[in-house]
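Enquirer: no FASTA, just this:
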Ligand SMILES: Cc1cc2nc3c(=O)[nH]c(=O)nc-3n(C[C@@H](O)[C@H](O)[C@H](O)COP(=O)(O)OP(=O)(O)OC[C@H]3O[C@@H](n4cnc5c(N)ncnc54)[C@H](O)[C@@H]3O)c2cc1C
Ligand code: FES
Ligand code: FES
């Protein structure tokens, strides 16, 4: 029965040790905004914030998060990043988007004025097949400026 | 041209998308896991599991199925699960069901299968060689089909040519793997003997009757729905069809609904990919660089089964084998092999990359061999005027190809200057270009080009490409649109809303587009689906026409009510009529039709719902001479790029990429550009990184995203995108497709640049650092 | 891709952790960035996972880096590590993965073990049986094979203190940004001379002392991304460039 905070709310739910955090969020808590694209850590779709840091929820177990603060896309406040993503058409199918928003949220907090190179390096932890990345980079830089 | 924010984005950005694995499953749903073959080729013996495992063996499942119907009638029977023999690694052998996916995978480990391994054959040329192991004994050969085609007088042209130049290409297998894998929920209703399946299947719905037939039910007993959102497809989710049949059959056997979510390992080994192809292309060339004939010898590798709609990859381009060039004489020999690899299927670019790579690499070579300017040779051969009928039957509808090239000309000149400067510093720099004609809106009859004309006549000539859309107006004037396009992330809802809003003088917010598709309730045809870029040219235009027919009805109603001549009625700002004091709100007019149908003027139909079907008349069946216009409209692309090759590591860095398009009228410029960027990044992956590599025993080596490497933001450049808009005379809104072109043009464009940088003639994809370095001193 | 069942333990002390690791089928779980992927593929089948990330004893972060220190906490510890860090996976994996986990895992293409070898660092091990220390150069024995016994925990790695007059360089060639290296090079030039450590080429990191780089002497690996000849080419060219850079940076 791991206890943790998810998007600011205390949560306690049964989880066998092998239950991946991604499945716990999606299927136990019904927070389906976090997506799963590979379950081996490469695609980045499942990225959430664990104690403020971006992490693959497919490479963590719910039991490991006992006492942790988890933030998912549902918990992000509507802000400049969302606006910039819409303005730049930085998503198409939107399957990769939640993970990217989580990474950028953490990254822009640490690095409020990033270079394009830095943004691209952060994004290299996410695969997007639809957009060719350019609009995502542009949206991140614009949100940083906002 | 419009281009407002996407309607789709708000929900997706807040994590409120509804993808297949997000939907609630019906009560008592069991989760499936598939036992897959570890062998490329083996006989399957007993399949067993301890008591308590809910196991369904291939034999058991297939007993209730019929083999898939195929265009090519061969004795190579295809079921969605192996029976007797496995023919590729990853082929389903059995299905287990459990309470959740974790337990289903536990159960998989308890299943035992007896295999008797057989020798495997991996390359298509080896497969059709004497003595190769046979995949399908009943066929007696691994050569599924061979046809020869001749148009004009290729023999004469080759005899009269000053030169002959040839190129040989082994085009590898790759796929634009969507980030969301496959998934579905299947249920069986015993009382109606009917199946209900929800899956992000992208079409073509020509596969719907194929699936129903495999299940042994009439098509109205297979209700297929799609979730509101799909995490990309790029062709691949056509490959859901066999799984829909497999899981529907298991749901019937189990008497419980079944949910199956494919994982990435399954996807990369078994979902399917574009075909690999071995091509020899020869050109008859005059001294001035003019090409008078082409001769293709293509050997297509469809993998272990000719999975419907294959061999479509080989024939989609058949009318356009001369590309952007005016070449009157053409000879084509097409062979189709089966090998111990995953069956091929749709994939962005569909058949284009396999043709344009040899063609555009050969044009580059012709110029070099003759010592002529590469652009000059390209221009000399270019189609000069449209409409243009190609040797093999395509009708290029509109556009001035030369003018598109002119758009990119300044960038090309700059690249040549840059090349000189970089080379002067002793570094390796090359410039490449490629021209391509991008076919859109497929003729449903083109696949029958693989048949002899007599066979076609016997089966009934097939042609056309229906699109369907429905527009409905509710009593408060709210407009709802449904269409047969099955979006996979391309913003169809936004474009449909903008298009229909324009017709009614409303704003896109007033329009609700329902993207879930339901085969039991929606208007559709076998052409329905999201492929060959049919959305903008066909579907959006059909929605426009459906909205137009409702507008006519409302206009007549308004004219009668306001006592105005019909010609004066305008739809603007939510009002209908002829300006202040002579207008009624759109919503009121709609209410009238709903509440007071008895008082409508003579001849005005009360129904505020219109369904339109549209098919371009230009799409006839293949003729007796095998000429085929395989697509309704043809866009044009001219790409240029500059690359730098690191002399130490062989790494290719794309320094600059410019792509000029004529895709007819653009319905939404930012989204059109999004299609270009996405297609280009996919093509960069296929050119530099990605390949489904198999070892000699048929074991796939690229089974994870670490070994099958889609490019990241650090490898994909920001392209310059240029547009010219020559509306197509053949589509309702003048639009053509734009989503596939760069998948066709970019691989040869980049390869031409790398060849230029290295000063070499032959290159094999993907151009990985190790492969490029092997060509360096 | 779901793991087989296992038990999970979050020990309260290092002693309890070592006790648990002494049992058959127990494995340490650190950042999980390699292990969980292997569990998801059912390539690893532990009976018990011992989560070592909450042990205060493993939080040292100086010239000794404890096992509970994550890669995102390494900045500023050593100039060579700073140079290598951007190549270690991604921003998102570095916020979970650990230095010690990378060392314990022993991937021949991993950057952090390579740096440890280049610097002549050491690996501190502990088990219920006691503690010992192994030179990094002797620790790596083959692909995913190390001198660590099954019941031992890497409690810390030890880096020599940075030498302000030394030059450090790091170079890597990978397919994509963030991928494991096709070849990686860590070079150190100090008063004793110059040393090049080569990763991703042989089955373990290889150290070449001095200026003569004989790529052919390395038993280079072949895989379908890159053949041995290519890897040797990188040693000769990129390895040399790393050495030259380190020499230039030497004060
Ligand atoms: C997408 C992706 C890309 C990556 N790219 C790279 C890369 O380019 N370079 C690179 O080096 N790594 C890369 N990695 C792996 C790296 O991120 C891991 O952090 C590292 O390999 C293991 O560290 P960990 O703390 O996550 O260990 P875990 O995954 O928790 O454990 C790995 C193994 O080591 C054992 N172990 C862990 N800690 C200890 C300990 N203290 N004592 C004894 N045994 C222990 C575990 O039992 C397990 O067998 C990548 C990972 C991903 C997901
Ligand atoms: S699903 Fe977690 S990284 Fe791909
Ligand atoms: S928007 Fe579709 S994968 Fe990124």
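Expert: Thanks, I have the structure now. Everything numeric in this text was worked out from a predicted model, so none of it was measured. Residues are numbered from 1 along each chain as shown, chains lettered A, B, ... in the order given. Ligands and ions are numbered 1, 2, ... in the order given.
Enquirer: which residue ranges form the helices in the stretch 201-350 of chain B?
Expert: With DSSP state H, counting those that start in this stretch as the criterion, the stretch 201-350 of chain B has helices at B:207-215, B:240-254, B:264-270, B:312-315.
Enquirer: and the helix or strand hosting residue A:86, anywhere near chain B?
Expert: Following DSSP states H and E, one finds residue A:86 within helix A:80-87. Yes: residues of helix A:80-87 contacting chain B under CB under 8 Å from any CB of the partner chain: A:82, A:85, A:86, A:87. No exception for glycine: its C-beta is placed from N, CA and C like everyone else's.
Enquirer: would TSV of those residues with neighbour count be doable?
Expert: Shown next, in TSV, are the residues of helix A:80-87 next to chain B (neighbours: other CB atoms under 10 Å in any protein chain shown):
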residue	neighbour count
A:82	19
A:85	27
A:86	19
A:87	16
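Enquirer: could I get the full set of strands for chain C?
Expert: Applying DSSP state E to chain C gives strands spanning C:7-9, C:26-29, C:48-51, C:64-66, C:122-127, C:130-135, C:140-142, C:145-146, C:153-158, C:167-173, C:183-190, C:193-199, C:206-209.
Enquirer: for ligand 1, give me its nearest residue in chain B.
Expert: Closest contact between chain B and ligand 1, by CB to the nearest ligand atom, is at residue B:706 (7.0 Å).
Enquirer: and the gap between the residue lying closest to that residue once chain neighbours are set aside and residue B:297?
Expert: Leaving aside its chain neighbours, residue B:706 sits nearest to residue A:42 (6.0 Å; criterion: CB to CB, 6 or more residues apart in numbering or on different chains). Computed as CB to CB, to the nearest Å, the residue A:42 to residue B:297 distance reads 39 Å.
Enquirer: what does residue C:111 give?
Expert: For residue C:111, the distance to residue B:297 (CB to CB) stands at 48 Å.
Enquirer: who's more crowded, the two?
Expert: residue C:111 (29 against 17; other CB atoms under 10 Å in any protein chain shown).
Enquirer: any idea how far the more buried one is from residue C:96?
Expert: 16 Å.
Enquirer: just the helices in chain A please.
Expert: Under the criterion DSSP state H, chain A contains helices at A:21-23, A:80-87, A:97-110, A:116-123, A:134-145.
Enquirer: residues from chain A in reach of ligand 3?
Expert: With CB under 6 Å from any ligand atom as the criterion, chain A meets ligand 3 at residues A:91, A:92, A:93, A:94, A:95, A:96, A:97, A:128, A:129, A:130, A:131.
Enquirer: what subset of the residues you listed is buried?
Expert: A:91, A:92, A:93, A:94, A:95, A:96, A:97, A:128, A:129, A:130, A:131 (16 or more other CB atoms under 10 Å in any protein chain shown).
Enquirer: how about those in TSV, adding distance to ligand 2 and pLDDT?
Expert: Conversion of these to TSV gives the following (distance: CB to the nearest ligand atom, whole Å; pLDDT from 0 to 100):
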residue	distance to ligand 2	pLDDT
A:91	17	98
A:92	18	97
A:93	15	97
A:94	15	98
A:95	11	98
A:96	9	98
A:97	14	98
A:128	12	98
A:129	13	98
A:130	16	98
A:131	17	98
